[in-house]
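**Q** One predicted model, sequence on top.
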Amino acid sequence: MDDTHRDRTSLVKGAKDIAKEAKRHAVKKVNKVVDRASDEYTQRSYSRFQDEEDEDDDNYYCRQDGGNYTGGANEDEGSSDATEGHDDEDEIYEGEYQGIPAGGQAKANQVAVGQPVADGLKDRKELEMERQADEEELAQQYELIIQECGHGRFQWQLFFVLGMALMSDGVEVFVVGFVLPSAETDMCIPNSGAGWLGSIVYLGMMVGAFFWGLSDKVGRRQCLLICMSVNGFFAFLSSFVQGYSVFLFCRMVSGFGIGGAVPIVFSYFSEVLAREKRGEHLSWLCMFWMIGGIYASAMAWAIIPHYGWSFSMGSAYQFHSWRVFVVVCALPCVCAVVALTFVPESPRFYLEVGKHDEAWMVLKQIHDTNMRARGQPEKVFTVNRIKIPKQIDELVEMKSESANPASKVLFRVKTELHGIWITFLRCFNYPVKDNTIKLAIVWFTLSFGYYGLSVWFPDVIKHLQADEYASRVKIHNNERIEDFTFNFTLENQIHTNGVFINDRFVNMKFKSVTFIDSTFQNCYFDDVTSVGSFFRNCTFIDAFFYNTDIDDSKLIDTQVINSSFHHNKTGCQMTFDDDYSAYWVYFVNFLGTLAVLPGNIVSALLMDKIGRLTMLGGSMVLSGISCFFLWFGTSESMMIGMLCLYNGLSISAWNSLDVVTVELYPTDRRGTGFGFCNSMCKLAAVLGNLILGPWWA
């Protein structure tokens, strides 16, 4: 009897416990429904992201007690003696086995009632809609997390590291214009081949800007490390190669590497900045591009005109000072590569690809670094739950283990390129399609004039100086000189109908000297250099040439009678020896780059106050007006003034365009979208070279 009563009492107690547990779960479900509905009309609070348990718990992770992960928060209410000590385990198993029918396997076209539909039974469009909803929720939560991490030492450290990478891009742009005249002269490039250096470098940058959209798949830091390493290696190598075609190839690959710097740098830095600080600090970051231009101008000013720094190994290997300049300009890239090894990956990228643990660790590092710098090391990083967007698997064909390494590498490259292309096509899907088209147009139009002027402006100054130089030419007519030794430089002269008999030209230079209808009889030429000098319709009788650069290209319609040439100089002679006009060219570019400093400061201070689009439109209008007046430039001083004004007004447009482009793309397409816009920028630079170059010439 007692046993029967005891069993009945236990049964009643168990039933009550089951009823209480069912009631607790029902109340929890109702509360979640109410909470979800209220979110449609009220702003989400940060505590909600920490405490709510979503039905799809597989998209959340908790981090507690220094690294233990659980599927939900502990619940104390509604517990009974029968269930006490088992709630945690039940919570874990509830999330772990959700959706699996009990008592056997479900049929292929059936799912258990009340259980979520498996991803395999959903079409891709439905999965993408779920991922988009997850990304919207993550964006709100991530903003709150970054605000808790604060803005401090970590952001400033990353600011300088990424600034060095951006500085390398600025250096690369200016290196083209500064090296162009010297490289083409040193390598004996005819006028038909002039200008290819600038065009092919920008062509490489255009392809690189699009290709390094790979950062959306591989990671910001890793792609930036690779592209900067490629740029640094080939930029360094280009300073030693002798052939112009090999030099062009090295500079093209170098441009391919640096092409990814701007899209990755701005995407990377924006992902560790809170929204209210993003415009200002991205504008400050743009100053490193200006610093790169100043660095390139200063180094060119200090190095290139000093041709006494060069050395040669016979006539086959020449290392002139412009090559030293190329090596020096690769140093910022090397520094950026070294510094990048000490910074972490973007936590936003980690979350985008489902790497919750890595993202949490980086966010904790940001928080702890900033708190220690503030003198608050005891402040704890309270985030224990971060939303993970639904991961949509891409179906790719797998290579077998027996495949040879070459085919594996080729397959990997093909897969990555296919991934870039798919991501690129998504940039033309709703809701970013219109943004992509409009941004591409703005990038192209703004870049066309700017890069064209930046590359060819040194040649403009040279042409103006050449016109002034030609106006001071000295003309000698009907002169007769006998038994005289020329051992000094003849410069900027024209000799017409002259007669030179028994004269010696020893260890001297003809610089921009033209002899017309002149006769040289029994003359001796030893160690003579003729830069920009020609003999037109002249006659050489019984002349002797030893170690000179006078050849058929300098003798135009000229007769050579009983004369001999021995050990002629080979290669091209540099044109800036003892010519300090180069100082002026580089100093002018230094002033033009420095002129953007006020615009950088103004854009940084006002970006978040007056708005990105207002600043972009106003700056483009004003810079366009100033560019129009370059058409009327007839003197060096006027051209220099208009260049400085144009650079100062246009920099605000560049800064605001960078910020707008970063903010208009979601994280999973930010690198690709920004890279496509930047490739349009470099395409405009190529066209600017091809169109503006011949116009200036």
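**A** Okay, I see it. The model shown is predicted, which means the values in this text are computed figures rather than measured ones.
**Q** for this protein, what's the longest strand?
**A** As assigned by DSSP state E, the longest strand anywhere in the chain is strand 504-516.
**Q** how about the strands of the stretch 251-400 of the chain, start to end?
**A** Taking DSSP state E, counting those that start in this stretch as the test, the strands found in the stretch 251-400 of the chain are 311-313, 317-319, 385-387.
**Q** What count of nearby residues applies to E482?
**A** Using other CB atoms under 10 Å, the number of residues around E482 comes to 11. The C-beta positions use only the backbone N, C-alpha and C, and glycine is treated the same way.
**Q** how much space is there between it and P377?
**A** Counting by CB to CB, to the nearest Å, the gap from E482 to P377 is 92 Å.
**Q** M290 too?
**A** Shown here: M290 relative to P377, a distance of 37 Å by CB to CB.
**Q** who has more neighbours, those two?
**A** Shown here are M290 and P377; by other CB under 10 Å, M290 has more neighbours (22 against 9).
**Q** Where do the helices of the stretch 201-350 of the chain begin and end?
**A** Using DSSP state H, counting those that start in this stretch, the helices of the stretch 201-350 of the chain run over residues 215-218, 220-238, 244-258, 261-270, 275-303, 321-329, 331-340, 347-352.
**Q** Now the shortest one: buried residues?
**A** Of the residues in helix 215-218, 215-218 count as buried by neighbour count, 16 or more other CB atoms under 10 Å.
**Q** Which elements pack onto it?
**A** helix 220-238, helix 261-270, helix 405-426, helix 667-696 (3 or more CB pairs under 8 Å, 6 or more residues apart in numbering; DSSP states H and E).
**Q** do that again at 10 Å, thanks
**A** Secondary-structure packing of helix 215-218 (3 or more CB pairs under 10 Å, 6 or more residues apart in numbering; DSSP states H and E): helix 220-238, helix 261-270, helix 347-352, helix 405-426, helix 667-696.
**Q** Now render those as JSON lines, adding mean pLDDT.
**A** As requested, those are arranged in JSON lines below (pLDDT from 0 to 100):
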{"stretch": "helix 220-238", "mean pLDDT": "91"}
{"stretch": "helix 261-270", "mean pLDDT": "91"}
{"stretch": "helix 347-352", "mean pLDDT": "90"}
{"stretch": "helix 405-426", "mean pLDDT": "77"}
{"stretch": "helix 667-696", "mean pLDDT": "79"}
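**Q** deepest of those, which one?
**A** helix 261-270 (a mean of 28; mean count of other CB atoms under 10 Å).
**Q** any idea of the angle that helix forms with helix 667-696?
**A** Relative orientation of helix 261-270 versus helix 667-696 (axes from the mean of the first three to the mean of the last three CA atoms, to 10 degrees): 140 degrees.
**Q** if we can go back for a sec, and which of the buried residues of helix 215-218 is nearest I691?
**A** S215 (31.8 Å; CB to CB).
**Q** Tell me how far that closest one lies from Y451.
**A** 23 Å.
**Q** circling back: what's the closest of the helices and strands packed on helix 215-218 to I441?
**A** helix 667-696 (8.2 Å).
**Q** what angle separates that closest one from helix 244-258?
**A** Counting by the same axes, to 10 degrees, helix 667-696 points 140 degrees away from the direction of helix 244-258.
**Q** so what secondary structure elements neighbour the longest strand of the chain?
**A** helix 433-471, strand 474-477, strand 485-486, strand 490-496, strand 524-531, strand 534-536, strand 544-548.
**Q** I'd like these as TSV, with mean pLDDT, mean neighbour count and distance to E352 appended.
**A** Converted to TSV, the helices and strands packed on strand 504-516 look like this (pLDDT from 0 to 100; neighbours: other CB atoms under 10 Å; distance: least, CB to CB, whole Å):
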stretch	mean pLDDT	mean neighbour count	distance to E352
helix 433-471	80	18	19
strand 474-477	92	11	71
strand 485-486	93	16	74
strand 490-496	92	17	64
strand 524-531	90	19	59
strand 534-536	94	19	65
strand 544-548	91	18	67
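**Q** Make TSV out of the ones you listed and add distance to A296.
**A** Shown next, in TSV, are the helices and strands packed on strand 504-516 (distance: least, CB to CB, whole Å):
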stretch	distance to A296
helix 433-471	11
strand 474-477	37
strand 485-486	40
strand 490-496	30
strand 524-531	26
strand 534-536	34
strand 544-548	36
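**Q** so which of the ones you listed gets nearest I146?
**A** Among the helices and strands packed on strand 504-516, the nearest to I146 by CB to CB is helix 433-471 (23.1 Å).
**Q** from the chain's centre, how far out does that closest one sit?
**A** 19 Å (CA atoms, centre = their mean, to the nearest Å).
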